[in-house]
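> build the 3D model from these lines:
(2 chains)
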Number of protein chains: 2
Amino acid sequence: MSALDGAAPADAVTIFAIDGLPEIRPGDDLAAVLGDVLAGRVIEGDILVVTSKVVSKAEGRLIHAADREDAITAETRRLVASRRHSGGTTRIVETHVGLVMAAAGVDASNVPEGMIALLPVDPDASARALATALRERLGVALGVILSDTFGRPWRDGQTDVAIGAAGLMVVDDLRGSTDAQGRTLEVTVPAIADELAGAADLVKGKAGGRPVAVVRGLGRYVTGVDAPGARRLVRAAELDMFRLGSDEADRAGYERGYADGVAGRASELAGPPAP
Amino acid sequence: MSALDGAAPADAVTIFAIDGLPEIRPGDDLAAVLGDVLAGRVIEGDILVVTSKVVSKAEGRLIHAADREDAITAETRRLVASRRHSGGTTRIVETHVGLVMAAAGVDASNVPEGMIALLPVDPDASARALATALRERLGVALGVILSDTFGRPWRDGQTDVAIGAAGLMVVDDLRGSTDAQGRTLEVTVPAIADELAGAADLVKGKAGGRPVAVVRGLGRYVTGVDAPGARRLVRAAELDMFRLGSDEADRAGYERGYADGVAGRASELAGPPAP
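Below is the predicted model:
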């Protein structure tokens, strides 16, 4: 056995942030800017994790901060839950691409004073365009993830997840494969793209100066650019046990129950949703 | 400017799985076994992510598979949601340490045939004992995370999160710091330990042969072993907008509303929970 010196093994995954990216402004060709910065720094099978905010900026998705509440409404397909607090009302909504998140992702950090940013209209399409252009420019097969920061039910703090993806397997469907005991893994579908987005957040940070990270060593997940995007990670509301906030569901049930009680109708308890 | 050759920068974060860990059995001294395997392989500031299953095994938290449903009940502090399906009933519960998860973490993968594993009784205490013993044995300050695989509302697939932690900052509380524009980050508290657990899952995999990973290059998050553990990541149910499944909340509201309607009581709609 050779002496061990604490060196990481050759098959280690490495993650690093990209320095030197200029401030992105509306109308910038993000793929061209990124191509310049990444030339000579990426290799076959790398996965880029790009903070969605810089894509929003390049795509001109900036509006005046005064229009925030109307913008959230416009970005909303369905209100999931809301809560009033001293600073206003927090809305958890489902966006038009199916993301369930606070304020539809409308956010003021790392944008010019007085402005706020909306999410890219179609994050998977944005990721696909970036992946296609960067592959052509740099001559290597890269995966691209657009990340954003999400709160979660039941757990404090936020993690970054994939809101857009192209050129990689967003899930690793292990159903039917076996564990070390030869037992079938029945429900195991790791959300690779979300774990990658969270891992990249550890090196990018939130201050905004380093919105792009490279994950190297997971080329086995890199695919053609037309593989399913982050939309694959969205669960349909009707299949979700938490499709509505607890207060909202309670209120809906109460109103139905009250009407039934007054009318003397037989109690029709809510059943499980259609499968 | 020097020529770029695609090499990762010196400050890259590296993540690698540890090979050579023997199968862990009830009564094994996990810290001693890990200490043997890790000697010469870890350096100051490394963070170990240990699949909680191996801790469960060492702690003897294995029971016969036939006792599964009773075990889930015993591990449950509060039923959050349940759903019947062709294979039985899935219960999302809050465990005695506040984790909200399917089946209270009771799981059959990577344990001997006919057996199932329960989570460690106190994952933060297990992590603290491991971190303390490994620091003493190896002479370097390490962080330790116990990870497990969680499903999520609204998103398909699972990610690994931290159910126990010691010797590291589990969150990076950025509230009050500023972004690149000098604007205050008001609600930004990255769940570092969860992002680390997910990142480690990318190299460990689910087959069970490599339940331990090392994350190197984030020593800035390593602390004394008495820093708050993963319990810090648990949000109290009464503060959670999704403390109860949508069907369960609807049913509770309906029953209350029906009774009020029959009795002719004034409609008392559910309000927000106490802050």
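> going by C-alpha atoms from here, please, whenever you check contacts or count neighbours.
Will do.
> and residue A:249, what element?
Assigning secondary structure by DSSP states H and E places residue A:249 in helix A:246-263.
> and that helix, what does it pack against?
strand A:76-85, helix B:246-263 (3 or more Cα pairs under 8 Å, 6 or more residues apart in numbering or on different chains; DSSP states H and E).
> for the stretch 1-150 of chain A, give me the ranges with low pLDDT.
Of all residues in the stretch 1-150 of chain A, those with pLDDT under 70 make up the ranges A:1-4.
> which parts of it sit against chain B?
A:3-9, A:11-17, A:40-43, A:81-83, A:99-100, A:109-113 (Cα under 8 Å from any Cα of the partner chain).
> could you list which of these belong to strands?
Using DSSP state E, A:13-17, A:81-83, A:100 are the members of the residues of the stretch 1-150 of chain A next to chain B that sit in strands.
> among those, who's most crowded?
residue A:15 (31 neighbours; other Cα atoms under 10 Å in any protein chain shown).
> contacting residues around that one?
Listed by Cα atoms under 8 Å, 6 or more residues apart in numbering or on different chains, the contact set of residue A:15 reads A:199-200, A:203, A:213-216, B:12-14.
> rewinding a little: the inter-axis angle of the helix holding residue A:249 versus strand A:76-85?
100 degrees (axes from the mean of the first three to the mean of the last three Cα atoms, to 10 degrees).
> buried set for helix A:246-263?
A:246-262 (16 or more other Cα atoms under 10 Å in any protein chain shown).
> same thing with stretch A:231-243?
A:231-235, A:237, A:240-243.
> restrict those to those near chain B?
A:232-235, A:237, A:240-243.
> let me see the ranges of the strands in the stretch 51-200 of chain A.
A:62-64, A:76-85, A:88-95, A:100-102, A:115-117, A:143-152, A:155-166 (DSSP state E, counting those that start in this stretch).
> mind putting those strands into CSV with distance to residue B:125?
Shown next, in CSV, are the strands of the stretch 51-200 of chain A (distance: least, Cα to Cα, whole Å):
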stretch, distance to residue B:125
strand A:62-64, 47
strand A:76-85, 35
strand A:88-95, 35
strand A:100-102, 33
strand A:115-117, 42
strand A:143-152, 25
strand A:155-166, 19
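> out of the buried residues of stretch A:231-243, flag the one nearest to residue B:35.
residue A:233 (38.2 Å; Cα to Cα).
> so the closest one touches residue B:159, yeah?
No. If you go by Cα atoms under 8 Å, residue A:233 and residue B:159 don't touch, sitting 11.6 Å apart.
> between the two, what contacts are shared?
residue A:191.
> and residue A:34, what is it in contact with?
For residue A:34, counting by Cα under 8 Å, 6+ apart, the contacting residues are A:21, A:134.
> you'd agree it is in a helix?
Yes. Assessed by DSSP: H, G, I helix; E, B strand; the rest coil, residue A:34 belongs to a helix.
> mind checking how far it is from chain B?
15 Å (Cα to the nearest Cα, to the nearest Å).
> also residue A:176?
Taking Cα to the nearest Cα, one finds residue A:176 at 12 Å from chain B.
> for residue A:72, same thing?
18 Å.
> which residues touch that residue?
Applying Cα under 8 Å, 6+ apart, we find residue A:72 in contact with A:103-104, A:106.
> circling back to that earlier point, which of the helices and strands packed on helix A:246-263 sits closest to residue A:153?
That would be strand A:76-85 among those, by Cα to Cα, at 11.5 Å.
> the closest one pairs with which strands?
If you go by DSSP bridges, strand A:76-85 pairs up with strand A:88-95 (antiparallel).
> tell me the buried residues in the partner strand?
A:91-95.
> so what touches it?
For strand A:88-95, the external contacting residues (Cα under 8 Å, 6+ apart) are A:75-84, A:99-104.
> buried by neighbour count, from those residues: which ones?
The buried subset of the contacts of strand A:88-95 - by 16+ other Cα under 10 Å - is A:75-82, A:99-104.
> still on that earlier bit, out of the buried residues of strand A:88-95, which is nearest to residue A:66?
For those, the nearest to residue A:66 is residue A:91 (16.8 Å; Cα to Cα).
> dump the contacts of residue A:72 to JSON lines, plus distance to residue A:195.
Below are these laid out as JSON lines (distance: Cα to Cα, whole Å):
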{"residue": "A:103", "distance to residue A:195": "23"}
{"residue": "A:104", "distance to residue A:195": "21"}
{"residue": "A:106", "distance to residue A:195": "23"}
